[in-house]
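Engineer: Everything below, folded, please.
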Amino acid sequence: MRPKRWSGAAAWLGAACFSSFHRYRHAVNKTVIEVHVRAVLPTSGGCAVFIGNSDKVFIVYVDQTVGSAITMFMREMSKERPLTHDLMAHLMTAVGAHVERVIINDLKNATYYARMIIAAENELQQKKIIELDARPSDCIAMATQQKAPIYVSQEVWDEVEDMSDVLRKMEEEGLKPEIDPESEGAEEE
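Structural biologist: Sure thing, here's the model as predicted:
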């Protein structure tokens, strides 16, 4: 798909209106690629979250609590008490906000960086877009919970190693990762 080009405020509003595009130019002319959580697997130190699309899959390592939260959101499991991400979502809902999208926008020294874009509307229908620096793990969890799109900058996409074969091999060997049914359907389109 050909990248969509926007700049400045038009980028924010255009991206909000056309977030279903798989690629578009974000803010300062950065191309981003839409990805989905493909699987979550436990590791000795936490969880491996496989993220990607039909072209490529890469891994973001997260701590066990966030990996568990992502899995629960993917399965739409109910919880006895609200977890941290639930609390954040309840707070955003109370003030008329929601996660519009998240962007994994940088990779430095094996550490991912991300931005969470929040759309808010007050009681007078005044709209505001808020961009926050956040851990990719929390961004992925909140996006999964709120069914918001996840994007990766072209620079990060080009830098990460493709782990599609690793995920495929694990599935063939009988490991049953938690797979997002929406991402499977999106891949077939």
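
Engineer: okay but Ala134 is in contact with Tyr112, surely?
Structural biologist: No. Counting by Cβ atoms under 8 Å, Ala134 stays clear of Tyr112, with 10.8 Å between them. (Each C-beta comes from the backbone N, C-alpha and C, glycine too.)

Engineer: which of these two has more neighbours?
Structural biologist: More neighbours surround Tyr112 than the other of Ala134 and Tyr112, with 22 against 16 (other Cβ atoms under 10 Å).

Engineer: who touches that one in this structure?
Structural biologist: 60, 104, 106, 136, 156 (Cβ atoms under 8 Å, 6 or more residues apart in numbering).

Engineer: Is it correct that the third one falls within a strand?
Structural biologist: Yes. Remark: Asp106 belongs to a strand, assigned using DSSP: H, G, I helix; E, B strand; the rest coil.

Engineer: in the sheet, who's paired with it?
Structural biologist: Tyr113 (DSSP bridges).

Engineer: residue boundaries of the strands in this structure?
Structural biologist: With strands called from DSSP state E, the chain shows them at 23-26, 30-43, 46-52, 57-62, 97-108, 111-121, 127-134, 150-153.

Engineer: any chance of those in a markdown table, with mean pLDDT and distance to Met142 too?
Structural biologist: Shown next, in a markdown table, are those (pLDDT from 0 to 100; distance: least, Cβ to Cβ, whole Å):
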| stretch | mean pLDDT | distance to Met142 |
| --- | --- | --- |
| strand 23-26 | 43 | 18 |
| strand 30-43 | 93 | 12 |
| strand 46-52 | 95 | 13 |
| strand 57-62 | 96 | 13 |
| strand 97-108 | 96 | 5 |
| strand 111-121 | 94 | 6 |
| strand 127-134 | 92 | 8 |
| strand 150-153 | 98 | 10 |
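
Engineer: what's the most buried one of these?
Structural biologist: Ranked by average neighbour count under the criterion mean count of other Cβ atoms under 10 Å, these are headed by strand 150-153 at a mean of 26.

Engineer: Please name every helix or strand in contact with that one.
Structural biologist: strand 30-43, strand 97-108, helix 136-146 (3 or more Cβ pairs under 8 Å, 6 or more residues apart in numbering; DSSP states H and E).

Engineer: Let me have these in JSON lines, extended by distance to Asp165.
Structural biologist: Formatted as JSON lines, the helices and strands packed on strand 150-153 follow (distance: least, Cβ to Cβ, whole Å):
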{"stretch": "strand 30-43", "distance to Asp165": "13"}
{"stretch": "strand 97-108", "distance to Asp165": "21"}
{"stretch": "helix 136-146", "distance to Asp165": "22"}
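
Engineer: Any chance of JSON lines for the strands of the chain, columns distance to Ser78?
Structural biologist: Shown next, in JSON lines, are these (distance: least, Cβ to Cβ, whole Å):
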{"stretch": "strand 23-26", "distance to Ser78": "34"}
{"stretch": "strand 30-43", "distance to Ser78": "18"}
{"stretch": "strand 46-52", "distance to Ser78": "21"}
{"stretch": "strand 57-62", "distance to Ser78": "22"}
{"stretch": "strand 97-108", "distance to Ser78": "20"}
{"stretch": "strand 111-121", "distance to Ser78": "24"}
{"stretch": "strand 127-134", "distance to Ser78": "25"}
{"stretch": "strand 150-153", "distance to Ser78": "23"}
